[in-house]
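A.B. asks: sequence plus the predicted model coming up.
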Amino acid sequence: MRNKEVNHAPVAEVAPNDDFGLKVRRLVVALSAYVLAALFAQRRESAEHLTQSNMMLQRERDNRLINAQAITATIAHEVKQPLAAIVTNGGAGPGGERRRSW
């Protein structure tokens, strides 16, 4: 078999001082950097917003807990006060001198 020489289409080589190609690459890099900077700024703002929202939710939970504790203390006071008065004044009635031992 004979070796046939195959003619390929000429390949366009980029000249080392191709200003247009270099400018395009620099433009692409600059735009990419701008997009990345915008994405990082948006991510930072989102993280700050999430942190602020979580703090507000925690504050709201704390306020609810404080209100529940205040209501519980009020109810306990309103129940204990008449019972304590009954116990204190229980000996004032007839036969109050006699005490039963349970």
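C.D. replies: Alright, I've got the coordinates.
A.B. asks: use CA for all of it now, contacts and neighbours both
C.D. replies: OK.
A.B. asks: show me the helices in this protein, by range?
C.D. replies: According to DSSP state H, the chain carries its helices in the segments 19-89.
A.B. asks: in it, what spans have low per-residue confidence?
C.D. replies: Low-confidence segments of the chain (pLDDT under 70): 1-17, 91-102.
A.B. asks: how many residues are close by residue 40?
C.D. replies: Neighbour count of residue 40, defined by other Cα atoms under 10 Å: 12.
A.B. asks: what does residue 31 give?
C.D. replies: 12.
A.B. asks: for it, give its distance to residue 82.
C.D. replies: 78 Å (Cα to Cα, to the nearest Å).
A.B. asks: equivalent analysis for residue 89, please.
C.D. replies: Distance from residue 89 to residue 82, by Cα to Cα: 10 Å.
A.B. asks: do the same with residue 57
C.D. replies: Distance of residue 57 to residue 82, given as Cα to Cα: 39 Å.
A.B. asks: what do you get for residue 67?
C.D. replies: In terms of Cα to Cα, residue 67 sits 24 Å off from residue 82.
A.B. asks: what's the answer for residue 36, then?
C.D. replies: For residue 36, the distance to residue 82 (Cα to Cα) stands at 70 Å.
A.B. asks: try residue 20
C.D. replies: 94 Å.
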